[in-house]
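Peer 1: Turn this into a model:
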Amino acid sequence: MSYDELVKGRIFFGGVADAKGAVEAENIDIVYDVRVNAVQDGEVPTCPIMCSPIVEQDLAGSIKAGATGIKETYEAGKNIYIHCGSGNGRASVMATAVLVELGLANDLESAEQLVKEMRQTANIRPNMREALEKLYK
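Peer 2: Okay, here's the model as predicted:
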C-alpha cells in the first residue's frame, strides 16, 4: 500500500492510484478528491466522491472548506480517503489541516510533522504553508 493512515482505522490519504485499493481494504465510505481537476471516469471506485479542490485562487478558503467537510464526515462516523494526484502535495496539505481541525495536533507545526512522519514524501509547498498559517496560527 502506498497510502497512509492519518487517523487509526478512519482517515487515510495518498494518491489517486491507490484510491480503489484503499476503498476496498479500509472500508472507505467517502473519497475526498482535493485535486483542481475533476475526477476522471474509472479512477475511483463506486463509493461517494466529494470533490473538494484546493484552488490556487483561494488556498486558505478551499483548505478550510475541505477540512471542515472532512471533520463533519469523520464525526458522522464515516471512513475517509483523501487524495490528490500523488498524495504528496494537496492531500498532505489537507491531512495537516484535518489533524488541526480534529484537535489531534497541538498546533500547525506538530500537525505538519506528524504528516511528514506518516508520509515521508509529503511536500507542503511554501504557498500552501502560508495558507495553513493564515488558518491555524
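Peer 1: Next, the buried residues of the longest helix seen in the chain.
Peer 2: Determined from DSSP state H, the single longest helix within the chain is helix 59-75. Using 16 or more other C-beta atoms under 10 Å as the burial criterion, the residues of helix 59-75 that qualify are 59, 60, 62, 63, 64, 66, 67, 69, 70, 71, 73, 74. Just so you know, the C-beta spots here come from the backbone N, C-alpha and C atoms, and that holds for glycine as well.
Peer 1: Where in the chain is the helix or strand with the lowest mean pLDDT?
Peer 2: Between all helices and strands in the chain, the lowest mean by mean pLDDT, DSSP states H and E belongs to strand 49-51, at a mean of 91.
Peer 1: looking only at pLDDT, what's the mean for the longest helix of the chain?
Peer 2: Averaged over helix 59-75, pLDDT sits at 98.
Peer 1: Run through who's touching the helix or strand following it.
Peer 2: Counting by DSSP states H and E, the next helix or strand C-terminal to helix 59-75 is strand 80-84. Residues from elsewhere that reach strand 80-84 (C-beta atoms under 8 Å, 6 or more residues apart in numbering): 3, 6, 10-16, 18-19, 22-23, 26, 28-35, 54, 70, 73-74, 90-91, 94-95, 98.
Peer 1: where does this structure have low pLDDT?
Peer 2: 1, 38-45 (pLDDT under 70).
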